[in-house]
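Enquirer: What follows is a protein structure lacking sequence information:
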């Protein structure tokens, strides 16, 4: 019998769904479908994704090591295995710039390495990228592996397998410890037209 994660949250299809789930669960994360990135590297990675998309979603095979080389330190690739309540996410690639914060997770399933209390948000952003069928920007406080002093900006973008299934997620991440989450969150909420958090 295949291993299944202990918690499999509902699938999230839009940034509004994600932000509602984040508000309900008190996750320190915001989703932004406009993809107005603060960090140039993520904007450049998005431009590469768009250039390969050609009015659709790029194939995983089109995102070659040569094309991704300028971003390699700061990217991860996840693969969705299974569907619905059976779904799991496996880390297929993790750059060294991410490893220094999260540890080496390549080849592992997310539900095997992420603490159970954080699984819903990890599944949420992965589901969002695959269900919305477009790139999304995330801003978050990096709580998962006890790095809550860091704020991270993510690009999450879907990729298509050789068989035509939308099952891979290209993730670019930039970590920043210069400004506290409370300041970053307040600015992002104002920009996105979201209500400020209580307190």
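Expert: Perfect, thanks for sending it. Note that this is a predicted model, so its numbers are computed, not measured. Residues are numbered from 1 along each chain as shown.
Enquirer: Only C-alpha atoms from now on, for both contacts and neighbour counts.
Expert: Fine.
Enquirer: contacting residues for residue 35?
Expert: 135, 136, 137, 155 (CA atoms under 8 Å, 6 or more residues apart in numbering).
Enquirer: Now the second one: closest residue in space that isn't a chain neighbour?
Expert: Right, the one you point to is residue 136. residue 33 (4.7 Å; CA to CA, 6 or more residues apart in numbering).
Enquirer: Now that neighbour: phi and psi?
Expert: When read as degrees, to the nearest 10, the backbone of residue 33 gives phi -80, psi -10.
Enquirer: Which strands and helices lie in contact with the helix or strand where residue 90 lies?
Expert: Using DSSP states H and E, residue 90 maps to strand 88-94. For strand 88-94, the packing partners by 3 or more CA pairs under 8 Å, 6 or more residues apart in numbering; DSSP states H and E come out as strand 75-81, helix 110-113.
Enquirer: Redo the contacts of residue 35 as JSON lines? Include secondary structure and distance to residue 56.
Expert: Below are these laid out as JSON lines (DSSP: H, G, I helix; E, B strand; the rest coil; distance: CA to CA, whole Å):
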{"residue": "135", "secondary structure": "coil", "distance to residue 56": "11"}
{"residue": "136", "secondary structure": "strand", "distance to residue 56": "15"}
{"residue": "137", "secondary structure": "strand", "distance to residue 56": "18"}
{"residue": "155", "secondary structure": "strand", "distance to residue 56": "17"}
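Enquirer: Turn the buried ones among those residues into a named PyMOL selection, would you?
Expert: Applied in PyMOL, the following selects the buried portion of the contacts of residue 35 according to 16 or more other CA atoms under 10 Å:
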select buried, resi 135+136+137+155
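Enquirer: okay, the contacts of residue 35 in JSON lines with pLDDT and distance to residue 54 next?
Expert: Compiled in JSON lines, these are given as follows (pLDDT from 0 to 100; distance: CA to CA, whole Å):
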{"residue": "135", "pLDDT": "97", "distance to residue 54": "14"}
{"residue": "136", "pLDDT": "97", "distance to residue 54": "18"}
{"residue": "137", "pLDDT": "97", "distance to residue 54": "20"}
{"residue": "155", "pLDDT": "98", "distance to residue 54": "19"}
